[in-house]
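Trainee: just coords:
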RNA sequence: GCCCUCGUAGCUCAGGGGAUAGAGCACCGGCCUCCUAAGCCGGGUGUCGGAGGUUCGAAUCCUCCCGAGGGCGCCA
């Protein structure tokens, strides 16, 4: 059980003994650390219903809890705040309990089958900066929920079924009309080899897109090709399969470099066979209706005070579109994967789309009330000028080049400050790589999920301040100390009651772990983890400065400190794992 | 036009109805015969966009206004 929970239980019981609601007993970390470690504000809101003054109530509560051996001091402050400070023995005992429990004080959860839908890369398009946020936020949310004990999988959910596919087909046909994919009379097996490499495909994509913008005729042909692809025209399917295969290989490589891993490589196309029966059923059941030639589901209710446009189930030419696929995908995930909770980490600008899809899923009964559907939208990455991130030449920057920049800049900074100078060059490169990745990830994850932020590589890779490199450095110092301890045959011992203020502060910081995890999971907000990881390392650095662990004469204390450092290293390891950040052994 | 999000220190950003609103950077000054100085310590910063309201208490909740960004049926 977490320390906060223990204290809340204690104080709640006191409120109950006074005939007041237990909820007044909520204890939080003190806002005024110089006054106390924890506080309870419950006496203030309790005053009115109790018909008593807040300070009177606070005094009665204090009288109840004062005898508890954990409480070092309990006092009234201001209008009726209850300030609590624990005994050093209680702090040590609590920390020992957490270490023995092995779960960082985290309470167990009722495991749920959760799917996080986060990547959303498109076939034929290289990953660019815009893919960074959903990828690392989604990965972090997945790891966070998994760490809590849920059964979580990630689905990359490829963009592989839309109009761009038709545009690609038309473009390839214009360039290589001799290929068998376009010959409707062709009956033999199609070639195993893709007619295009990923590099060619990535060049063809923007050209195709541009052509359809400039030429309405080409756009029309692309629309037809898309429809025929969806309807199963064999040549188109075969060609599309090549596009898909070469793209997935490239995309996988990109996500590997980023340290992002998906359990499912599903895409929009996977549920194609479900579409016709689903549409038929929705029409038969009266949920879908025709409107201007298209098929729609109305999702607005009488309670709405704003206009929610209907969800379009099928275009007037009969083709399906992303609303249809998303709806069918929800059905598929529930029915064939047993998913009860879906979290979409997708650009927040798509919130209306998800609102429509989720409403449609509810209305039609595809998702029952027990199913959680949530759009955990992410903001965008902007360049130093506050506008969408671009290369110097105005193009969109690829993810790969961004990561290369991060590693290169990290190495430059190591060279400039003569860091890790004696290490083999191979290790230095590996460190620079990890530092660069940590810089980018921490820089991103420390911002609130929904906010747009300014990407500043120089700031993110800085060795000073609240950055990824700072976290890694702290981790490395802990690892190094623990190695030295092992070399001296000093085993981690029982945590001793703290005597120094930074030591006490570190113990208190560690005790916050469960609440931070729970809060972050509840809000799907990795920035809480990032912030806490920073605070924890900062607390450790202050402890490290004051408490000279390995030269400590008191052997019991020395062993206890090693135990505390091991605990801290363990906690930080979990946090980095959740953030998806990897640390080197030394740097 | 309607809807959504945002507006907090010079800059970049945190902030769960609670006390005196925080961090990092930047700027100035200290600390290495000692476990990694990529570290630590000290120094000052605010009409929390504005105005009302709810509340014992509002950066936080509600209303209006100003400013920025985004979205709004057959693209994804």
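Mentor: Structure's in. What do you need? Keep in mind that what you see is a predicted model, and the values were worked out from it rather than measured. Numbers count the residues shown, from 1 in each chain, chains lettered A, B, ... in the order given.
Trainee: which SS state does the closest residue to residue A:326 other than its chain neighbours fall under?
Mentor: The spatially closest residue to residue A:326, leaving aside those adjacent along the chain, is residue A:357, at 4.6 Å (C-beta to C-beta, 6 or more residues apart in numbering). Quick note: C-beta positions are derived from backbone N, CA and C, even for glycine. Three-state assignment for residue A:357 (DSSP: H, G, I helix; E, B strand; the rest coil): helix.
Trainee: if I look at residue A:357, how far off is RNA strand B?
Mentor: 10 Å (C-beta to the nearest atom of the strand, to the nearest Å).
Trainee: burial of that residue, as a residue count?
Mentor: Residue A:357 is flanked by 27 other residues according to other C-beta atoms under 10 Å.
Trainee: for it, give me its contacts.
Mentor: A:311, A:323, A:326, A:327, A:330 (C-beta atoms under 8 Å, 6 or more residues apart in numbering).
Trainee: closest one to residue A:114 out of those residues, please.
Mentor: Of all the contacts of residue A:357, residue A:114 sits closest to residue A:330, with 13.7 Å by C-beta to C-beta.
Trainee: per-residue confidence at the closest one?
Mentor: Per-residue confidence at residue A:330 stands at 98 (pLDDT).
Trainee: name the element it belongs to?
Mentor: helix A:322-337 (DSSP states H and E).
Trainee: neighbouring contacts of whichever helix or strand comes after that helix?
Mentor: Using DSSP H and E, the helix or strand that directly follows helix A:322-337 along the chain is strand A:341-344. Residues outside strand A:341-344 that contact it (C-beta under 8 Å, 6+ apart): A:112-118, A:141, A:330, A:333, A:354, A:371-377, A:524.
Trainee: follow-up on the earlier one: residue A:564 versus the residue nearest to residue A:326, what's the distance?
Mentor: Separation of residue A:357 from residue A:564 (C-beta to C-beta, to the nearest Å): 49 Å.
Trainee: same question for residue A:272.
Mentor: From residue A:272 to residue A:564 the distance is 57 Å (C-beta to C-beta).
Trainee: more neighbours: which of those two?
Mentor: residue A:564 (26 against 18).
Trainee: name the SS class of that one, please.
Mentor: Classified using three-state DSSP, residue A:564 is helix.
Trainee: residue A:25 touches residue A:42, doesn't it?
Mentor: Yes. At 5.6 Å, residue A:25 counts as touching residue A:42 under the criterion of C-beta atoms under 8 Å.
Trainee: what touches both of these two?
Mentor: Shared contacts of residue A:25 and residue A:42, counting by C-beta under 8 Å, 6+ apart, come down to A:11, A:15.
Trainee: so which of the two has more stuff around it?
Mentor: Set residue A:25 next to residue A:42 and count neighbours by other C-beta under 10 Å: residue A:42 wins out with 28 against 24.
Trainee: what residues does residue A:220 make contact with?
Mentor: Counted by C-beta under 8 Å, 6+ apart, residue A:220 has zero contacts.
Trainee: remind me which helix or strand it belongs to.
Mentor: helix A:216-231.
Trainee: do that helix and RNA strand B come into contact?
Mentor: Yes. Under the criterion of C-beta under 7 Å from any atom of the strand, RNA strand B is reached by helix A:216-231 at residue A:223.
Trainee: pLDDT of the following helix or strand past that helix, averaged?
Mentor: Per DSSP H and E, the first helix or strand lying C-terminal to helix A:216-231 is helix A:234-258. In this model, helix A:234-258 carries a mean pLDDT of 96.
Trainee: name the residues of helix A:234-258 that are buried.
Mentor: Along helix A:234-258, these residues count as buried under the neighbour rule (16 or more other C-beta atoms under 10 Å): A:235-240, A:242-244, A:246-248, A:250-251, A:254-255, A:258.
Trainee: go on, stretch A:8-28?
Mentor: So, applying 16+ other C-beta under 10 Å, buried residues of stretch A:8-28: A:8, A:10-15, A:18, A:20, A:24-27.
Trainee: now do that stretch: distance from first to last residue.
Mentor: Stretch A:8-28 has its terminal residues 8 Å apart, counting by C-alpha to C-alpha, to the nearest Å.
Trainee: which residues touch it?
Mentor: A:4, A:7, A:38-43, A:45-46, A:49-50, A:57, A:60-61, A:64-65, A:68, A:70-71, A:82, A:84.
Trainee: of the residues you listed, which count as buried by neighbour count?
Mentor: By 16+ other C-beta under 10 Å, those give A:4, A:7, A:38-43, A:46, A:50, A:57, A:60-61, A:64-65, A:68, A:70-71, A:82, A:84 as buried.
Trainee: relative to residue A:103, how far out is the residue of chain A most remote from its centre?
Mentor: Largest separation from the mean C-alpha position in chain A: residue A:185, at 49.2 Å (C-alpha atoms, centre = their mean). For residue A:185, the distance to residue A:103 equals 65 Å [C-beta to C-beta].
Trainee: which segments of chain A make up each domain?
Mentor: What automatic domain parsing lists as the domains of chain A is A:3-86, A:163-258.
Trainee: state the mean pLDDT of stretch A:217-226.
Mentor: 93.
Trainee: quick one: it to chain centroid distance?
Mentor: 38 Å (C-alpha atoms, centre = their mean, to the nearest Å).
Trainee: list the buried ones in that stretch?
Mentor: Buried, per 16+ other C-beta under 10 Å, within stretch A:217-226: A:218, A:219, A:221, A:222, A:223, A:225, A:226.
Trainee: how about stretch A:425-433?
Mentor: A:428, A:431, A:432, A:433.
Trainee: one more: stretch A:335-346?
Mentor: In stretch A:335-346, counting by 16+ other C-beta under 10 Å, buried: A:339, A:340, A:341, A:342, A:343, A:344, A:345, A:346.
Trainee: ok, which pair from the residues you listed is furthest apart?
Mentor: It's A:340 and A:346 that sit farthest apart of the buried residues of stretch A:335-346, by C-beta to C-beta, at 19.6 Å.
Trainee: for residue A:314, give me phi and psi.
Mentor: phi -150, psi 140 (degrees, to the nearest 10).
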